[in-house]
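1. have a look at this prediction, sequence included:
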Amino acid sequence: MNRNEYLAALRGALSGLPDEERANALRYYEEYFDEAGPAGEEQAARDLGAPDTVAAQILADYRELTAAPHAGGSSQTGQTGAGAAQAAPKRTWRGINPWLLLVIAIFAIPVGIPVAAAVFGVLLAVLGVIFAAVVTVVVLAACVPLVLLALGAGFIICSFFIWWTPASAVVTLGAGFACLALGILAAMLVVKLCTLFIPPVFRGFVAILRWPIDKIRGVKK
């Protein structure tokens, strides 16, 4: 039951009271729901109890005060609704005690700092391993065309020293040109792969390193 439903039911149950008394009683419960806020309306309604029960208590108090002689007269009866409303339960702290949270935080600092440092160290180690693996792959990929180009150049040079056997010289020269062609193709392939994969990998590393900084800035804002 939300605020409007509860107050409507209570207003109907207090129809036997004079308008001023009913307004005084309802004012207290309106302030009670204001204090609870929209998120706590249902819990506040459960804390107060059924509207009929609350109204019965207010009406009983009103009849008792109006039936018994008293010196205050109408000025005291004008406070009947609010006086009966004081019997309603007050809202209490339903979360963890702030002092308990403070004590937990103090005792958690000596443990939390080493744990956070260890986690950060493991994260850096993992990033270092990944980075080293990427660099190794790039270096090995770059070595393939270099080796092919070196072999091609070596075969071509060797072919000039074995012209007394023309067949061997031609075969060696052909192997040299083939290695040169394969080296050029491999170099072009390595450059293409590097342009495709290295920038996204680099951006990923930068994003991972900037993530905690962005989180801290977001919390400060």
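-> Yes, it's here.
2. ok, which stretches of the protein are helices?
-> 3-13, 19-36, 41-48, 51-67, 74-77, 80-85, 98-159, 166-220 (DSSP state H).
3. residue contacts, the residue lying farthest from the centre of the chain?
-> Largest separation from the mean C-alpha position in the chain: Trp164, at 78.3 Å (CA atoms, centre = their mean). Contact criterion CB atoms under 8 Å, 6 or more residues apart in numbering gives no residues in contact with Trp164. No exception for glycine: its C-beta is placed from N, CA and C like everyone else's.
4. deepest in the core, which of the helices of the chain is it.
-> Among the helices of the chain, helix 80-85 has the highest mean neighbour count (mean count of other CB atoms under 10 Å), at a mean of 21.
5. residues in contact with Val126?
-> Counting by CB under 8 Å, 6+ apart, there are no residues that Val126 touches.
6. redo that, cut-off 10 Å
-> Ile208 (CB atoms under 10 Å, 6 or more residues apart in numbering).
7. now Ala50
-> So Ala50 contacts Met1, Tyr6, Ala9, Leu10, Ala13, Ala56 (CB under 10 Å, 6+ apart).
8. swap in Pro38?
-> Applying CB under 10 Å, 6+ apart, the residues near Pro38 are Asn2, Arg3.
9. next one: it, what pLDDT does it get?
-> According to the prediction, Pro38 has pLDDT 82.
10. that one and Asn4: what is the separation?
-> Distance, Pro38 to Asn4, by CB to CB, to the nearest Å: 11 Å.
11. cool, Ala141 as well?
-> Ala141 is 71 Å from Asn4, by CB to CB.
12. and for Ala55?
-> Going from Ala55 to Asn4 by CB to CB gives 16 Å.
13. which stretches of this protein have low pLDDT?
-> 68-97, 215-221 (pLDDT under 70).
14. now stretch 183-194: how far from the chain's centre is it?
-> 43 Å (CA atoms, centre = their mean, to the nearest Å).
15. who touches it?
-> By CB under 10 Å, 6+ apart, stretch 183-194 touches 137-138, 140-153.
16. alright, I will stop here.
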